[in-house]
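J.: generate a structure from the sequence data that follows.
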Amino acid sequence: MNTKKKKFIKVPNYDEGNEGFRKLIAENLVYPEEALKNKIEGIVHLVYEVNDMGAVFNIKVLKGIGFGCDEEAIRLIKLMKFAKVKNKGMRVKVSRKARVLFKLPVIETQIVYNVKTVEKQNNPKPIEQKKEIIYNWNIKIS
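T.: Numbers count the residues shown, from 1 in each chain. Below is the predicted model of the structure:
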């Protein structure tokens, strides 16, 4: 016996699911220049509607962080493609919420120190006999 209740109305869902949504954001997010200059990070909260044809419309920012991040979040939501649904001629419109995280990219800096010591003696010797010691240090700062 099947205990799962069947839904009367089908609603449009994002084709790739939550993991696909995260992938879409990661691949298409362009950090705004103004936000980079001012070192702005945060989450943009959005609400949008999806109709039965899978079209996204009426996108609104519930809580934004400004500096061009709100506009970029809206652009990313417009890229989403939802599956079409058929409900026996009934038109469906669904309201959804999304969050888009803006985190400054990590800039890795690498400092390399090279120290070279050469022992020299008063008596001139052939070049092959010079004793040479080289030390290297690599420091990564993340």
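J.: which residues of the protein fall in helices?
T.: 17-28, 33-37, 69-78 (DSSP state H).
J.: outside of the first one, which residues touch it?
T.: Contacts made with helix 17-28 from outside it, assessed by Cβ atoms under 8 Å, 6 or more residues apart in numbering, are listed as 14, 16, 76, 79-80, 98, 100-101. For every residue, glycine as well, the C-beta is placed using N, CA and C.
J.: and it, what's its mean pLDDT?
T.: What helix 17-28 shows for mean pLDDT is 92.
J.: mind listing what's buried along stretch 69-84?
T.: 69-70, 72-74, 76-77, 80, 82 (16 or more other Cβ atoms under 10 Å).
J.: give me the distance between the residue positioned nearest the centre of the chain and residue 33.
T.: By Cα atoms, centre = their mean, the chain has its centre lying nearest to residue 26, at 3.5 Å. In this structure, residue 26 and residue 33 are 19 Å apart, going by Cβ to Cβ, to the nearest Å.
J.: apart from its neighbours in sequence, what residue is nearest residue 49?
T.: What sits nearest to residue 49 in space, not counting adjacent residues and going by Cβ to Cβ, 6 or more residues apart in numbering, is residue 58, at 4.5 Å.
J.: burial measure for that neighbour, as a count.
T.: 11 (other Cβ atoms under 10 Å).
J.: I'd say residue 52 and residue 83 touch.
T.: No. Using Cβ atoms under 8 Å, residue 52 makes no contact with residue 83, being 10.0 Å away.
J.: quickly list what's touching both of the two.
T.: residue 12.
J.: which stretches of this protein have low pLDDT?
T.: Within the chain, the stretches with pLDDT under 70 are 1-7, 118-132, 140-142.
J.: that older thread, now, which of the buried residues of stretch 69-84 sits nearest residue 90?
T.: residue 82 (16.8 Å; Cβ to Cβ).
J.: which ones are touching that closest one?
T.: Contact partners of residue 82, counting by Cβ under 8 Å, 6+ apart, are 12-15, 50, 54-56.
J.: dig out what it forms beta bridges with.
T.: Residue 82 forms beta bridges with residue 14, as assigned by DSSP bridges.
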